[in-house]
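A.B. asks: Here is a sequence with its predicted model. Questions after.
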Amino acid sequence: MARMHALELLPDEAGRDVVRRDWQALRDAGLPSQLDHRGATNTPHLTLIAAPSLGPLEEQRAVELLGPLLPVEVRAAGIALLGGARVTLVRLVDVPDPLVRAVLDLRAAVTEPQHPGWLPHVTLARRVPRADVPRALDVLGHDDVVLSLSGLRRWDPDAGVVHPL
């Protein structure tokens with residue numbers, strides 16, 4: 001399977017702290033957590049699109065469409081489960097309509113996106129055994145949080161680096 005290049009929105013420092021508190025709570029409970037991901041580029045983010053390749057044209061389009069909207073407040077709301085026997089635990093993110101339109105316009109210009117459509121979310125943990133889901137939900141609670149998305153970056157897995165845009 002090809003490694004996916006990605007364009008991502010980043011929360012400001014306060015927003016990163018909010019997400020990392022969730023990561024820490026899961027780890028403290030002995031559950032899988034994104035905090036366990038040791039990659040230097042691992043930080044809370046909202047993926048806009050992932051594809052086998054992205055280039056300068058997609059980067060420029062992302063800056064043109066999203067730059068004028070930043071910073072933008074979003075609400076990290078409900079918890080969702082993605083996957084099969086082991087699930088990815090995410091916070092769904094409610095985003096304003098102008099951001100949705102900009103992301104859909106960006107996605108329309110990219111060939112071979114990893115997933116059809118866009119499900120805005122912040123990943124909290126991967127490979128969570130289904131039997132541990134109730135405990136994870138208890139640990140995370142149910143309060144919504146507001147995040148300010150203030151940065152845009154490109155993840156290049158071939159070079160192993162992120163580029164701020």
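C.D. replies: On my side now, so go ahead. Numbers count the residues shown, from 1 in each chain.
A.B. asks: From G78, how far out is L119?
C.D. replies: 12 Å (Cβ to Cβ, to the nearest Å). In this view, the C-beta of every residue, glycine as well, is placed from N, C-alpha and C.
A.B. asks: which residues do the two both contact?
C.D. replies: With contacts taken as Cβ atoms under 8 Å, 6 or more residues apart in numbering, L119 and G78 have L92 as neighbours in common.
A.B. asks: buried residues in the lengthiest helix in the chain?
C.D. replies: Scanning the chain for the helix with the most residues, using DSSP state H, yields helix 13-28. Buried positions in helix 13-28, judged by neighbour count with 16 or more other Cβ atoms under 10 Å: G15, R16, V18, V19, D22, W23, A25, L26, R27.
A.B. asks: next SSE after that helix?
C.D. replies: Next along the chain after helix 13-28, taking DSSP states H and E as the criterion, comes strand 46-51.
A.B. asks: which non-adjacent residue is nearest the residue nearest the centre of the chain?
C.D. replies: Centroid-nearest residue in the chain, with Cα atoms, centre = their mean: L46, separated by 2.8 Å. With Cβ to Cβ, 6 or more residues apart in numbering as the criterion, L46 has its nearest non-adjacent residue at 4.5 Å, and that residue is L9.
A.B. asks: What ranges does this protein have for its strands?
C.D. replies: Counting by DSSP state E, the segments of the chain that form strands are 5-11, 46-51, 72-83, 86-94, 121-129, 145-156, 161-164.
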